[in-house]
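Please find the sequence and the predicted model below.
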Amino acid sequence: MNDNEQPSGLTLTGVGKILGGRTIVDDLDLWVGKGELVCLLGPSGCGKTTTLRMIAGFLTPDVGTITIDGADVTGVPPEKRPTAMVFQNYALWPHMTVFENVAYPLKLRRTPRNEITARVHEMLELVNLMHHEKSRPARISGGEQQRVALARALVQRPAVLLLDEPLSNLDAKLRVRVREDIREIQQRLGITTVIVTHDQDEALSISDRVAVMNAGRIEQYSTPTVLYRSPATRFVGGFVGAMNTIRAELRTGADGPVAVVGGAGLPIESASATTSGSGILGVRPENVLLGAKSDGAGATIVRAIPRGHFTEVVVQLIADTEEPVELRSYIDDRSPVAALGAGDQVGVRLHSVLPYDENGVLR
Ligand SMILES: Nc1ncnc2c1ncn2[C@@H]1O[C@H](COP(=O)(O)OP(=O)(O)OP(=O)(O)O)[C@@H](O)[C@H]1O
Ligand SMILES: [Mg+2]
């Protein structure tokens, strides 16, 4: 690839958008490889939908470039772009049948009638809805409506498929099933896909890579595993999965690394904790290990919350600090502290820690 050649898939380079006098998307770079599924994940108002609308062409960036499979589409109107969008509310036509809804974009493009029939049937087979081709949207379930919307997008054979919170109108169980369906179809077709969501569970479970957005920027762009294990900032760590944050000093003791908090020393098991000095430590609840009183730093159980297949235990460190220091841990029935409750004393060790500097960036 030479300098002015763009890679295949989707690229956003230095994209920015100001709306209502505020910077909503700020100097954003993103590359989605051909056939990859990427989620834009972030809190409400961080600019996810705005970014997706610029990719689809409903909004034009103030600065920056968007390319699809090497072609610059920045100024190209939505209907001329090789993109198709699935909206949160599905936006199906209530007076049309399922077949007519899926056929609609092809009719707009004056596709010959027999080709329309063949392509619509192919898509309805794909999403498993042939038996509903004559039904109207109001007569089918939410999950089925979602699949009609997906079929209507895919029938256009877009190079890039865009979905904005596609599962938010479905109940929890159905959401898991439909997201697996979407992933399966996406992989079968090998279609480059961008999904907007604020649900971290959804993003982690179906994506090749996740772009975590905060205030119009991407804070980290990685695979789900890297994102969870090595969140680059405190924001990412707190947004993707649960994380304890404590102010501590890392030292190397006689028995290995220790996090010192108000005179209490929390032994750290993982050898990777080689950083020293004071700062903020991020600790995932599964890395807070509770044991017998003598085993690690002393703490008192504040509360134990049954969560089904595990128990969430909140302990307060016995330490000389201005504010009480609480740590959240997950334990199962086999834990040595499983029989204990509020007020009981335990020992705390840490499996691994994430050291952050004062700006919240991983050291
Ligand atoms: N046309 C507009 N004029 C002014 N402000 C806008 C406009 N469109 C969006 N915004 C603002 O831009 C910010 C980002 O909006 P956007 O819809 O991209 O967020 P989002 O990340 O999709 O959030 P959500 O998860 O709530 O859907 C919000 O504060 C929103 O109010
Ligand atoms: Mg949105």
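Yep, it's here. Numbers count the residues shown, from 1 in each chain. Ligands and ions are numbered 1, 2, ... in the order given.

mind checking the backbone torsions on residue 257?
phi -70, psi 150 (degrees, to the nearest 10).

quick check: domain ranges of the chain?
For the chain, the structural domains run 10-239, 246-356, going by automatic domain parsing.

list the contacts for residue 221?
Residue 221 is in contact with 30, 209-212, counting by Cβ atoms under 8 Å, 6 or more residues apart in numbering. C-beta coordinates here come from the backbone N, C-alpha and C atoms, glycine included.

re earlier: residue 363 is nearest to which of the domains of the chain?
For the domains of the chain, the distance to residue 363 is smallest for domain 246-356, at 4.6 Å, taking Cβ to Cβ.

so how far is the closest one off the chain centroid?
Between the centre of domain 246-356 and the centre of its host chain there is 27 Å, according to Cα atoms, centre = their mean, to the nearest Å.

what about that domain, start to end distance?
Its start and end residues considered, domain 246-356 measures 10 Å (Cα to Cα, to the nearest Å).

any idea of the mean pLDDT for that domain?
Averaged over domain 246-356, pLDDT sits at 92.

Check stretch 128-139 too.
pLDDT averaged over stretch 128-139 gives 95.

what helix or strand does the residue positioned nearest the centre of the chain sit in?
Most central in the chain under Cα atoms, centre = their mean is residue 203, positioned 3.2 Å from the mean C-alpha point. For residue 203, the enclosing helix or strand under DSSP states H and E is helix 200-206.

Now do the buried residues in the longest helix along the chain.
If you go by DSSP state H, the chain has its longest helix at helix 172-189. Using 16 or more other Cβ atoms under 10 Å as the test for burial, helix 172-189 gives 175, 178-179, 181-183, 185-186.

Can I get those in a markdown table including pLDDT and distance to ligand 1?
Output for the buried residues of helix 172-189, formatted as a markdown table (pLDDT from 0 to 100; distance: Cβ to the nearest ligand atom, whole Å):
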| residue | pLDDT | distance to ligand 1 |
| --- | --- | --- |
| 175 | 90 | 16 |
| 178 | 90 | 19 |
| 179 | 92 | 17 |
| 181 | 92 | 23 |
| 182 | 94 | 19 |
| 183 | 95 | 21 |
| 185 | 94 | 24 |
| 186 | 96 | 21 |
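
Quick check: end-to-end length of stretch 356-363?
Start and end residues of stretch 356-363 are separated by 5 Å (Cα to Cα).

cool, stretch 208-228 as well?
13 Å.

how far is it from where the chain is centred?
Centre-to-centre, stretch 208-228 and its host chain are 7 Å apart (Cα atoms, centre = their mean).

what mean pLDDT does it have?
97.

Show me what counts as buried in it.
Using 16+ other Cβ under 10 Å as the test for burial, stretch 208-228 gives 208-214, 216-222, 224, 227-228.

burial count for residue 66?
With neighbours defined by other Cβ atoms under 10 Å, the count for residue 66 comes to 25.

ok, it touching residue 72?
Yes. In this structure, residue 66 is within contact of residue 72 by Cβ atoms under 8 Å, at 7.4 Å.

Of the buried residues of stretch 208-228, which belong to helices?
224, 227-228.

can you tell me which residues contact the residue in the stretch 251-363 of the chain that ligand 1 sits nearest to?
The nearest approach of the stretch 251-363 of the chain to ligand 1 comes at residue 360, 20.4 Å away (Cβ to the nearest ligand atom). Listed by Cβ under 8 Å, 6+ apart, the contact set of residue 360 reads 233-235, 280.
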